[in-house]
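Q: sequence plus predicted model, see below.
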Amino acid sequence: MKMKQPDIFKNLKRGPQIITWKDASLIAGFSGAHAGYKIVDAGSGSGFLAIFLGNLVRPGGKVISYEKRKEFAKIARENVKRAKLEDIVIIKEKDIARGIEEHDVDLITLDMAEPWNVVKHANKALKEKGFVVSYSPNIEQVKRFVEECKRHGLRHELTIECILREMVIREKASRPQNKGIMHTGYITFARKVKREGKDKEHGRG
């Protein structure tokens, strides 16, 4: 049996590969995204993650989503309109690897091939205790992203993989479904924390 998608995604047009709702939920849950949050997202793709987060941050919040490809930005904008979130979600047709214009950001989400190119910009844009979260299909991408975060003073908090299996519940025999939403990607959380000097940073004193 195919798992039903959330209502917020039902009327959206699907273009490039999306972050699934199971992964979007983990990103929001572990980063603590809630009403009033200011979020920067990249790349927009079809806008599914930006829309998911946009529903969480209202009232008072904002999601600014960067997409460098014109055709994807067009799809994302159309989907934001379908979701009735034009006042919350903004699609920017720009390359986030060239810089982040926003400041005092609570959360930055990256769904892109080379997230490490954004780390130095993320460090400047985030407020203290803010999160940068990368979604990557390969562990090699994760390792390079984590190394770059550490180099810029961002603390690696957690890397997870979510594998989802539905259960078959029957009177005489209950078991996992034979099929499920297996590997989609790794989600890595890094956080901007106050640096307390070189001695403590290197475990001395």
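A: Sure, I can see it.
Q: other SSEs contacting the strand or helix carrying Lys22?
A: Assigned by DSSP states H and E, Lys22 belongs to helix 21-31. Counting contacts by 3 or more CB pairs under 8 Å, 6 or more residues apart in numbering; DSSP states H and E, helix 21-31 packs against helix 48-57, strand 126-136, strand 154-161, strand 186-192. All C-beta spots, glycine's among them, are computed from the backbone N, C-alpha and C.
Q: repeat the analysis, applying 6 Å as the threshold.
A: If contacts are counted by 3 or more CB pairs under 6 Å, 6 or more residues apart in numbering; DSSP states H and E, helix 21-31 sits against helix 48-57, strand 126-136.
Q: other residues contacting it?
A: With contacts defined as CB atoms under 6 Å, 6 or more residues apart in numbering, helix 21-31 is touched by Pro6, Leu49, Phe52, Leu56, Leu107, Phe131, Val133, Cys162, Leu164, Thr184, Ile187, Phe189.
Q: about what we covered before: just the helices and strands packed on helix 21-31: most buried one?
A: Across the helices and strands packed on helix 21-31, averaging neighbours per residue (mean count of other CB atoms under 10 Å) puts helix 48-57 on top, at a mean of 25.
Q: what sits up against it?
A: Residues contacting helix 48-57 (CB under 6 Å, 6+ apart): 8, 18-19, 24, 28, 33, 37, 39, 41, 44, 63, 65, 83, 85, 88-89.
Q: and the angle for that helix with helix 21-31?
A: Per axes from the mean of the first three to the mean of the last three CA atoms, to 10 degrees, the angle that helix 48-57 makes with helix 21-31 is 50 degrees.
Q: CA atoms of helix 48-57 as PDB?
A: Once non-C-alpha atoms are left out, helix 48-57 reads as follows in PDB (Å, rounded to 0.1, in the frame of the first residue of the first chain):
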ATOM      1  CA  PHE A  48       8.200  21.400  -1.300                       C
ATOM      2  CA  LEU A  49      10.500  21.900   1.700                       C
ATOM      3  CA  ALA A  50      10.000  25.700   1.600                       C
ATOM      4  CA  ILE A  51       6.300  25.200   1.600                       C
ATOM      5  CA  PHE A  52       6.400  22.600   4.400                       C
ATOM      6  CA  LEU A  53       8.500  25.000   6.500                       C
ATOM      7  CA  GLY A  54       6.300  27.900   5.600                       C
ATOM      8  CA  ASN A  55       3.300  26.200   7.100                       C
ATOM      9  CA  LEU A  56       5.300  25.800  10.400                       C
ATOM     10  CA  VAL A  57       6.700  29.300  10.800                       C
END
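Q: that concludes my questions; thank you for your assistance.
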